[in-house]
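Novice: Quick one, structure for this:
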Amino acid sequence: MSLSNVTLSRLKTQHEVVDVLISGRSESELKYRPIPDKWSAFENIAHLTCYQPRVIDRTKRILEEDNPTFPAYIPEEDPEFPKFIAMTVEQLLTHLNEKRSEIVKLIANLTEAELQRTGVHGKFGRMNLIDWTEFFLLHEAHHLHTIFKLIRSLRK
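Specialist: Numbers count the residues shown, from 1 in each chain. Coordinates of the predicted model:
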């Protein structure tokens with residue numbers, strides 16, 4: 001089974017909606033937390049940006065190792081996360097786009113046999129690289145939806 005055209009299309013372009021969602025918003029607006037103990041739009045963007053290198057690393061491990069196990073990713077426990085929080089929104093978007101290009105090059109060129117290689121997620125169990133890619137995109141879509149809602153809350 002190969003990567004579907006729909007999945008590949010989303011992998012190539014889904015992240016680009018961040019620019020559309022935040023257009024015309026200041027960094028201070030993006031950093032506003034309508035719910036104090038929940039992330040702002042900015043923090044969601046920082047998380048999406050910080051997470052992409054983890055996707056690259058996990059994909060490479062799945063390709064190189066037999067059925068590696070990965071704990072659930074907890075952003076607050078990622079030692080790199082504060083570095084991304086300290087970036088400007090422009091820096092985050094640049095990094096997001098650069099790393100996404102790397103992900104696309106890595107995943108889009110895999111053979112069917114490579115796509116069937118598996119890794120074990122701490123919560124969802126054994127998944128092949130097609131499933132890992134779908135999981136990544138759905139996780140990202142969840143945060144994009146959150147960013148949309150946070151931006152809309154600023155318009156009230």
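Novice: residue boundaries of the helices in the protein?
Specialist: For the chain, the helices defined by DSSP state H occupy 5-13, 17-22, 27-30, 41-64, 81-85, 89-108, 112-115, 129-154.
Novice: pLDDT weak spots in the protein?
Specialist: The model of the chain has pLDDT under 70 over residues 156.
Novice: Could you tell me the end-to-end distance of stretch 56-70?
Specialist: 13 Å (Cα to Cα, to the nearest Å).
Novice: again with stretch 14-33
Specialist: One end of stretch 14-33 to the other measures 24 Å (Cα to Cα).
Novice: quick one: it to chain centroid distance?
Specialist: Centre-to-centre, stretch 14-33 and its host chain are 16 Å apart (Cα atoms, centre = their mean, to the nearest Å).
Novice: Tell me which residues of that stretch come out buried.
Specialist: If you call a residue buried by 16 or more other Cβ atoms under 10 Å, then stretch 14-33 has these buried ones: Q14, H15, V18, L21, I22, R25, L30. Where C-beta positions appear, they are placed from N, C-alpha and C, glycine not excepted.
Novice: Make a markdown table out of these and add distance to P75.
Specialist: Shown next, in a markdown table, are the buried residues of stretch 14-33 (distance: Cβ to Cβ, whole Å):
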| residue | distance to P75 |
| --- | --- |
| Q14 | 19 |
| H15 | 17 |
| V18 | 17 |
| L21 | 20 |
| I22 | 19 |
| R25 | 22 |
| L30 | 17 |
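Novice: Which single one of those is nearest to H139?
Specialist: Lowest distance from H139 to the buried residues of stretch 14-33 (Cβ to Cβ) belongs to Q14, with 10.9 Å.
Novice: is it true that the closest one touches A141?
Specialist: Yes: contact criterion Cβ atoms under 8 Å: Q14 and A141 qualify, at 6.7 Å.
Novice: Pick out the residue nearest the middle of the chain.
Specialist: L48 (4.1 Å; Cα atoms, centre = their mean).
Novice: what's the spacing between that residue and V120?
Specialist: Applying Cβ to Cβ, to the nearest Å, the value for L48 to V120 is 23 Å.
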